[in-house]
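In: A predicted structure for the sequence below; I have some questions about it.
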Amino acid sequence: MLIAALVPGLPAAAAVLLALFGRRIGEKCAWISVGALAGSLVAAVYLLVMAFQGGGEGPLVHATFEWMRIGGVNVDFGLYVDGLSAAVLAMVAAVACMVFVYAIGYMHGDERFPVFFSIFSLFSASMLGVGTSSSLLQLMVFWEIMGVCSFLLIGYYYERAEARKAAFKAFITTRIGDMGFLLAVAVLLGKFGTVDIPTLMARVEEVAPGMQGFLWLMCALLFIGAVAKSAQFPMYIWLPDAMAGPTPVSGLLHSATMVAAGVFLVLRTYPMFEAAHFLPMIAGAGIFTAVYGASLALTETDIKRMLAYSTMSQLGYMMAALGCGGYVAAVFHLITHGFFKSLLFLSAGSVIHGAKTQDIREMQGVGKTMPITAACFLVGSLAIAGIPPLSGFFSKDAILASMLGYAGTAPVQGWIILLVGLMTAVLTAFYMFRVYFGVFTGPGKKYHESSKMMLVPMIVLASIAAVAGVINLPGMGLSLAGLLEPGKLESAVPWLMALSAGAAGAGLYIAWESTRLRAALHGTGPLPRNLQALYGGIFLRPVFAVSRFLRELKMDQIIMGIVVKPVLWFCELAAKLNPDVLYMAVFVGGVGRAAEGLAAIDTRVVDGFVNGVGRYGLGIARAVGFVDVRGVDGAVNGVADGTIAVGRVFKRLQTGVTANYALFMIVLGVAIFYLAWWLVR
Amino acid sequence: MVPPPLYFIVLGAIVFLIAMLGFLTRRSLIQALMCLELMASAVTLTFLAVGRTMPDGGLEGMVLATFLIVIGAAEVGMGLAIVMLYFRRHGDATTDDIDLLGG
Amino acid sequence: MTGTVLFFLISGVIVASSVAMLVSRDFVRSVLFLLLALCSFAGLYALLDATFLALLQLFLFAGAVTVVLVFVVMLTRPQIADFRTLLQRQTAFAAVAVVAISVPMLDALVRLASSLPAAGTSAASTSDLARALMGDYGAPFELASVVLLAALIGAIYLAREAE
């Protein structure tokens, strides 16, 4: 149990140490983090071994400590490690270790170096915390910490406006998802009295038949959180912009870890998703995201952004797999993706480092002067494309197999999903190799290869990415499936494997051809006559027709006729729609405006009330004062004024002209006379 | 025979009124004084007329009239002295726009 | 009989001369009209058998006062440009007031006169008057002389040459 605690604990300790003493230690401090992660890795591997040995009956570790007891509700925190956690933790720790070493090289010379590593360590700790959490609430806490770290790391170069904006965008978008998550956790806690994961899942399974609708809603809420965190459609908009952060950040957070957390959440609460029959939703959403992301990646010119879209697409694959019941496949792909995607990011970072640009159009022939980087990128591309015998092939194949299985139970949806999945595979290969060929092959400038610090992790990751397929080779004893779903044996579907390999190969080939065609168009290479001779005929004719057609075209994006053109059209349409502006306006803006509205309500109502009371009192005081001033003083002044007024009237009689006075006297005399006369009469 | 006192009284009243009108309408101080004179005389006449009907043969009336005349003369003298003073101050004897006593 | 005729004659002169005094453009002529009026008054006093008073009137009013008036007029030489400048602004009001007062005044006086008995047959003589002034009315007589003195001194003081 202590070992389990070490997994998130060590990096957390490192984070604290770095935060406190980092500056004093200088750049060496990063090694503390690396050491901590290495420790975590050891612990995780140990756990994994234990898990394998244990045969997967029940969790490996389930230790809880009482946290809160409110009413009849207990909220505990603690550690929960089972086969799933062990596997994921091992992957995360390994990737993190590599990325950290890479970052030491990449971030060398940055003046906030210790700060970076401190946050980076904290992030790692919280991701590992997500993996070892025993209750949903605890998971959410770590989830949120990750979100904050992501925010800080994306906005690391805070002097740049786009970094700041991206950080905000990421945080806010994921926050929206978090709302759903929080709501679900709260309701579940209230309903079931616990959010301890195994307990909750057990209870849910018990009551499932009668509470379908309710559970479906809970799943939907949780899924919203997952969608936002894993950059699925429609909450993906933050991911491409998140590339504004340093490359190690992209390499760790946005490939292997944080974005995987959404998938992990679904994995953890899978029984509920199953019980609520929510899985088809996930399948549909996932596969759509997969193809959508791949389409967007196809026309992206910024290498990191392309990888971001690719990540989105791959996560969609995982979600789709989960939706089709492919629990193992999803985990498998999660793990392999973690390795090869981070590899790709690190390689891209290396290229950017050397080429001083992120635009693939400005990179050419990098492979010549940066061979190691090129090789690593190649390995990553092969893996993601699903070319055997690399890991990605096996994991992708597993996913496709699960889709096929689903097609067995729900033919219409299943086959559609499968076909889209295959199409996405082709696209994946195509866009990856398009970039690979475009950037690394051919003649180019002289670039400076990256430092060992950066290259070594890449090589390590590449190696793992290459061979990781073994963890779930069908038919093998030591398999992930055995770990995760004991008793269920994976049977291989050979024709599907061939098909997926073929799809990948096709994509690769198309990319290859397109590159050569492009080169031919630009006049940097001859028209491939030998190919024409070799393949001739039907298959390539449309291709060459297109290539001839392409001669008149400027854009190298529109290369292939039937396969690519509608996709590209769709891709460009999707890019033109610029959803993130929409989302910013609607969601974020709406949320912002809602927040403003609420703030306004708060200001007006609450403050209004307070101010109102104050004003009321003030009003009374004023009224009293008014009465006093106007009334009392008024009376007093009024008397005075009245006197003065009367005086003024009579003052007019004081003309100063003597004759007037005489007249007045006479007039008075007249009056008296009359009076007397009248009286006497 | 003495004419009936009524006549004297009425005449006195008439002259008094005329003189009063004159007094109230004159701008010239001197003319005002002159009217005052006339008024005094009219009043004296009235007193004498009424006194004549008294049993004492008008004695009291005469006494009163004596005093009236004396005072009248003194008054005119004073008045004229004031006019002289005024004249020296203002260069003329008209009272038109003096509102020095005004408030 | 003769008294009445004389009365009307004299009263006619008085009224006429008083009006003329007011209307006249020339200050000297106004004074002279005043003189005429005052002298006529003296005549009326005589009709009332107040001979001493008639003489007093002649000497004081008609005589001294008029002379002084003439002196002052000569000294100040007031200019009368046009009739309107003679009048105050309050003339209208004054006319109204005078008319207003005339009615009750005349009425009262007429009533008074009606209640009076006719003039007695014997009038007081001058010696009676002298005896009265010195005797019963001695104090007022003295006071009158004080008043005259005060007026005299006052007039001299006021009218003295500027220093």
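Out: Received the coordinates, thanks. All values derive from a computational prediction rather than experimental measurement.

In: how does chain C divide into domains?
Out: Structurally, chain C divides into domains by automatic domain parsing as follows: C:1-80, C:124-163.

In: among these, which is nearest chain B?
Out: Of all the domains of chain C, it is domain C:124-163 that lies closest to chain B, at 3.6 Å by Cβ to the nearest Cβ. In this view, the C-beta of every residue, glycine as well, is placed from N, C-alpha and C.

In: does any bit of that closest one sit next to chain B?
Out: Yes: using Cβ under 8 Å from any Cβ of the partner chain, domain C:124-163 reaches chain B at C:124, C:128-129, C:132-133, C:137, C:140, C:144, C:147-148, C:150-152, C:154-159, C:162.

In: now the domains of chain C as a markdown table including distance to A:Gln53, mean neighbour count and mean pLDDT?
Out: Rendered in a markdown table, the data for those read as follows (distance: least, Cβ to Cβ, whole Å; neighbours: other Cβ atoms under 10 Å in any protein chain shown; pLDDT from 0 to 100):
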| stretch | distance to A:Gln53 | mean neighbour count | mean pLDDT |
| --- | --- | --- | --- |
| domain C:1-80 | 145 | 19 | 86 |
| domain C:124-163 | 142 | 14 | 86 |
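
In: Save those as a markdown table, and put in distance to A:Leu182 too.
Out: Below are the domains of chain C laid out as a markdown table (distance: least, Cβ to Cβ, whole Å):
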| stretch | distance to A:Leu182 |
| --- | --- |
| domain C:1-80 | 110 |
| domain C:124-163 | 109 |
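
In: can you redo these as CSV with distance to chain A?
Out: Formatted as CSV, those follow (distance: least, Cβ to the nearest Cβ, whole Å):
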stretch, distance to chain A
domain C:1-80, 15
domain C:124-163, 16
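
In: residues of the longest helix seen in chain B that come out buried?
Out: In chain B, taking DSSP state H as the definition, the longest helix is helix B:59-90. Using 16 or more other Cβ atoms under 10 Å in any protein chain shown as the test for burial, helix B:59-90 gives B:59-70, B:72-84, B:86-87.

In: for stretch A:15-28, same thing?
Out: Of all the residues in stretch A:15-28, those buried under the rule 16+ other Cβ under 10 Å are A:Ala15, A:Leu17, A:Leu18, A:Ala19, A:Gly22, A:Ile25.

In: Go ahead and list the helix or strand containing the last one.
Out: Using DSSP states H and E, A:Ile25 falls within helix A:2-25.

In: on that earlier part again, next step: the residues of domain C:124-163 next to chain B restricted to helices.
Out: Among the residues of domain C:124-163 next to chain B, the members falling in helices (DSSP H) are C:128-129, C:132-133, C:140, C:144, C:147-148, C:150-152, C:154-158.

In: mind listing the helices for the stretch 51-200 of chain A?
Out: Shown for the stretch 51-200 of chain A, the helices assigned by DSSP state H, counting those that start in this stretch span residues A:83-106, A:113-132, A:136-154, A:161-192, A:197-207.

In: no no, chain C
Out: Remark: helices assigned in chain C by DSSP H are C:2-23, C:27-47, C:51-57, C:66-76, C:83-86, C:91-115, C:126-134, C:138-158.

In: Any part of the second one near chain B?
Out: Yes: interface with chain B: helix C:27-47 contributes C:Phe27, C:Ser30, C:Val31, C:Leu34, C:Ala37, C:Leu38, C:Phe41, C:Leu44, C:Tyr45, C:Leu47 (Cβ under 8 Å from any Cβ).

In: The fifth one: what's it in contact with?
Out: When contacts are counted by Cβ atoms under 8 Å, 6 or more residues apart in numbering or on different chains, C:Ala37 touches B:Val15, B:Leu38, B:Ser41, C:Val13, C:Ile14, C:Ser17, C:Ser18, C:Met21.

In: In a markdown table: these, plus distance to C:Ser114.
Out: A markdown table is the format used below for the contacts of C:Ala37 (distance: Cβ to Cβ, whole Å):
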| residue | distance to C:Ser114 |
| --- | --- |
| B:Val15 | 20 |
| B:Leu38 | 26 |
| B:Ser41 | 24 |
| C:Val13 | 26 |
| C:Ile14 | 23 |
| C:Ser17 | 29 |
| C:Ser18 | 26 |
| C:Met21 | 31 |
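
In: okay, now residue 97: neighbour count?
Out: Using chain A. 23 (other Cβ atoms under 10 Å in any protein chain shown).

In: The chain in question should be chain C.
Out: Neighbours around C:Ala97, by other Cβ under 10 Å: 24.

In: so it sits right up against B:Leu17, yeah?
Out: No: if you go by Cβ atoms under 8 Å, C:Ala97 and B:Leu17 don't touch, sitting 10.2 Å apart.

In: List the contacts of residue 13.
Out: If you meant another chain, say so; for now it's chain A. A:Ala36.

In: nope, chain C please
Out: C:Leu36, C:Ala37, C:Ser40.

In: any bit of the strand or helix carrying A:Gly638 sitting next to chain B?
Out: Following DSSP H and E, one finds A:Gly638 within helix A:634-651. Yes: applying Cβ under 8 Å from any Cβ, one finds helix A:634-651 touching chain B at A:Lys651.

In: next one: the helix or strand that that helix is followed by to chain centre, how far?
Out: Of the helices and strands lying after helix A:634-651 in sequence (DSSP H and E), the nearest is helix A:658-680. Centre-to-centre, helix A:658-680 and its host chain are 106 Å apart (Cα atoms, centre = their mean, to the nearest Å).

In: what packs against helix A:658-680?
Out: With contacts taken as 3 or more Cβ pairs under 8 Å, 6 or more residues apart in numbering or on different chains; DSSP states H and E, helix A:658-680 sits against helix B:5-25, helix C:91-115.

In: out of these, which comes closest to A:Ser118?
Out: Across these, A:Ser118 has its closest neighbour in helix C:91-115 (104.8 Å, Cβ to Cβ).

In: thinking again about what came up before, so which of the domains of chain C is nearest A:Gly129?
Out: Closest to A:Gly129 of the domains of chain C is domain C:124-163 (Cβ to Cβ; 116.9 Å).

In: Give the residue spans of chain B that score low on pLDDT.
Out: Counting by pLDDT under 70, chain B contains low-confidence ranges at B:1, B:92-103.

In: Might you report the residue contacts of the closest residue to A:Leu382 other than its chain neighbours?
Out: Nearest residue to A:Leu382, sequence neighbours excluded (Cβ to Cβ, 6 or more residues apart in numbering or on different chains): A:Leu390, at 5.0 Å. When contacts are counted by Cβ under 8 Å, 6+ apart, A:Leu390 is found next to A:Phe340, A:Val379, A:Leu382, A:Ala383, A:Ala465, A:Ala466, A:Gly469.

In: try 10 Å
Out: A:336, A:340, A:379-384, A:396, A:462, A:465-469, A:504 (Cβ atoms under 10 Å, 6 or more residues apart in numbering or on different chains).

In: next one: A:Ile145
Out: A:Ile145 sits next to A:Ala12, A:Leu122, A:Phe123, A:Ala125, A:Ser126, A:Met127, A:Gly129, A:Val130 when contact means Cβ under 10 Å, 6+ apart.

In: Show me the residue sitting in the middle of the chain in space.
Out: All of this is about chain A. Note on chain A: the residue nearest the mean C-alpha position is A:Lys229, at 4.2 Å, using Cα atoms, centre = their mean.

In: my bad, the chain I had in mind was chain C
Out: C:Leu38 (5.7 Å).
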